[in-house]
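Participant: could you work out the structure for the sequence below:
(4 chains)
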2 protein chains.
Amino acid sequence: MRKGRASRAIPAEALAEWMETFRRHCAERGLAVTHQRAVIYRALASSDEHPTPERVYEQVRAEVPSISLGTVYKSIRTFTEAGLLREVNPLHESLRLDADLSNHHHAICVRCHRIQDLPEEALEPVRWRQRPPAGFRPERTKVEVLGVCAACAGNQ
Amino acid sequence: MRKGRASRAIPAEALAEWMETFRRHCAERGLAVTHQRAVIYRALASSDEHPTPERVYEQVRAEVPSISLGTVYKSIRTFTEAGLLREVNPLHESLRLDADLSNHHHAICVRCHRIQDLPEEALEPVRWRQRPPAGFRPERTKVEVLGVCAACAGNQ
DNA sequence: ATAGATGCAAAGGATTTGCAACTTA
DNA sequence: TAAGTTGCAAATCCTTTGCATCTAT
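Facilitator: Next up is the predicted model:
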């Protein structure tokens, strides 16, 4: 994991625009725009390292030393539920295992987290159009199709 | 999440073959083939639900009531490190966040878990060849390119 | 003024670890 | 028999919760 200050390769105006969007979204959903929330959102929007809550806490504490880790967690959850933020890893609550080592993909239910196998042939092979990031050595490509499974769709 | 007995749509002979492979792999790596390990591996290889360690524990306890959850965790880790088993979610240790809601993909380092963005145009669009699983309503498709990042490749 | 947000501390779940007793090769 | 594995309990890490105090609307 890289250390140091993480900054998205995005100009200050774009960040300003995101902060504006942030304020609007909060207003639309009746979320108070507190100092803490603004700082937390800014830390997230200006980072390209896909940080953990702990890492966000570190960054934010530099600006608001009295902030608590609990507030960071609560804000992140609020933002995620409001659709302002996304989890990179929808299945992070617990380890999920696969004894099938052949190449295949997964269909993941965003509601119940059921995972169904997709045979490799179910999808067109993934191909590069551009070059991979400099120095990155690709080994394996997985596709996750996120959606709603039959059971969850049936439950309304 | 489905309840009940999960069974992969694989005939008994294939399972027998997997168990044989399992024994061979254990032998190759100097891993003892204990009753517990065999039962744990069988539970995993015969399931299509991508179970959690807790779920494996439930299934295995039906056969070996005295087994401990710790042993299940230790065996799973041993199997994963030996390459007999794969984690569906390599990033499950902690929540990772993304404020960029536009469609894009990720390059994930399997060593340090660094996540780099891949713009959507970096890859050919993912297309279905076959039909999605019955009743599954796809919403979004994510590609994860797993590999080794520049920093980790440099460290040997 | 009031609903909602914060900070703190305690609780809860997932996973790992230490160690003595037991198995496998 | 020696090295490795198990079961148990305690420890650790990540995340949520309860509650009194404070703040944005």
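Participant: contacts, neighbours, all on C-alpha from now
Facilitator: OK.
Participant: skipping its backbone neighbours, what lies nearest residue A:85 in space?
Facilitator: Of all residues not flanking residue A:85 in the chain, residue B:99 sits nearest, at 4.8 Å (CA to CA, 6 or more residues apart in numbering or on different chains).
Participant: pretty sure the one you found contacts residue A:83?
Facilitator: No: contact between residue B:99 and residue A:83 fails when scored by CA atoms under 8 Å: they sit 9.6 Å apart.
Participant: thinking again about what came up before, any idea how far the residue nearest to residue A:85 lies from residue A:47?
Facilitator: 9 Å (CA to CA, to the nearest Å).
Participant: now stretch A:60-75, how far from the centre of its chain.
Facilitator: 19 Å (CA atoms, centre = their mean, to the nearest Å).
Participant: what's near enough to touch the residue nearest to residue A:85?
Facilitator: A:44-45, A:84-86 (CA atoms under 8 Å, 6 or more residues apart in numbering or on different chains).
Participant: up against DNA strand D, what does chain A have?
Facilitator: A:27, A:32-35, A:52-54, A:69-70, A:73-74, A:77, A:92-93 (CA under 7 Å from any atom of the strand).
Participant: so which of those wins on neighbours?
Facilitator: residue A:53 (22 neighbours; other CA atoms under 10 Å in any protein chain shown).
Participant: close to DNA strand C, is the lengthiest helix in chain A?
Facilitator: Taking DSSP state H as the criterion, chain A has its longest helix at helix A:12-29. No: contact of helix A:12-29 with DNA strand C (CA under 7 Å from any atom of the strand) is absent, the minimum separation being 8.4 Å.
Participant: what helices or strands is that helix leaning on?
Facilitator: helix A:35-45 (3 or more CA pairs under 8 Å, 6 or more residues apart in numbering or on different chains; DSSP states H and E).
Participant: for the helix it packs on, the averaged confidence score.
Facilitator: Across helix A:35-45, the average pLDDT comes to 97.
Participant: what's the answer for stretch A:53-63, then?
Facilitator: Across stretch A:53-63, pLDDT averages out at 97.
Participant: how about stretch A:95-110?
Facilitator: Here the average pLDDT along stretch A:95-110 is 96.
Participant: what's the span of it from first residue to last?
Facilitator: 16 Å.
Participant: is DNA strand C contacted by it?
Facilitator: Yes: using CA under 7 Å from any atom of the strand, stretch A:95-110 comes into contact with DNA strand C via residue A:95.
Participant: quick check, distance from that stretch to the centre of its chain.
Facilitator: The answer for stretch A:95-110 is 19 Å, by CA atoms, centre = their mean.
Participant: next, the buried residues of it.
Facilitator: By neighbour count on 16 or more other CA atoms under 10 Å in any protein chain shown, the buried set for stretch A:95-110 is A:95-100, A:104-110.
Participant: how many residues are close by residue A:15?
Facilitator: Neighbours of residue A:15 (other CA under 10 Å): 15.
Participant: just checking, it touches residue A:47?
Facilitator: No: at 10.5 Å, residue A:15 and residue A:47 do not qualify as touching, with contact defined as CA under 8 Å.
Participant: list the strands paired with the longest strand along chain A, with their directions.
Facilitator: Scanning chain A for the longest strand, with DSSP state E as the assignment, gives strand A:137-148. Note on strand A:137-148: by DSSP bridges, its sheet partners are strand A:104-109 (parallel), strand B:137-148 (antiparallel).
Participant: check which element follows the longest one along the chain.
Facilitator: Toward the C-terminus, strand B:137-148 is succeeded by helix B:150-154 as the next helix or strand (DSSP states H and E).
Participant: quick one: average pLDDT of that next one?
Facilitator: 93.
Participant: show me the contact partners of that helix.
Facilitator: With contact meaning CA under 8 Å, 6+ apart, helix B:150-154 is reached by A:134-137, B:111-112.
Participant: what pLDDT does residue A:16 get?
Facilitator: 86.
Participant: check residue A:5 too.
Facilitator: The model's pLDDT for residue A:5 equals 42.
Participant: closest to residue B:39 out of the strands paired with strand A:137-148?
Facilitator: Ranking these by distance to residue B:39, with CA to CA as the measure, places strand A:104-109 first at 24.9 Å.
Participant: now the element after that closest one, going C-ward?
Facilitator: strand A:115-119.
Participant: which residues are in contact with that next one?
Facilitator: Contacts of strand A:115-119 (CA under 8 Å, 6+ apart): A:103-109, B:48-50, B:133.
Participant: one more time with 6 Å, if that's ok
Facilitator: By CA atoms under 6 Å, 6 or more residues apart in numbering or on different chains, the list of residues contacting strand A:115-119 from outside reads A:104-108.
Participant: just give me how far whatever helix or strand residue A:72 lives in sits from the chain centre.
Facilitator: Here residue A:72, judged by DSSP H and E, is contained in helix A:69-82. Using CA atoms, centre = their mean, the mean C-alpha position of helix A:69-82 is found 13 Å from that of the whole chain.
Participant: no more questions from me, cheers.
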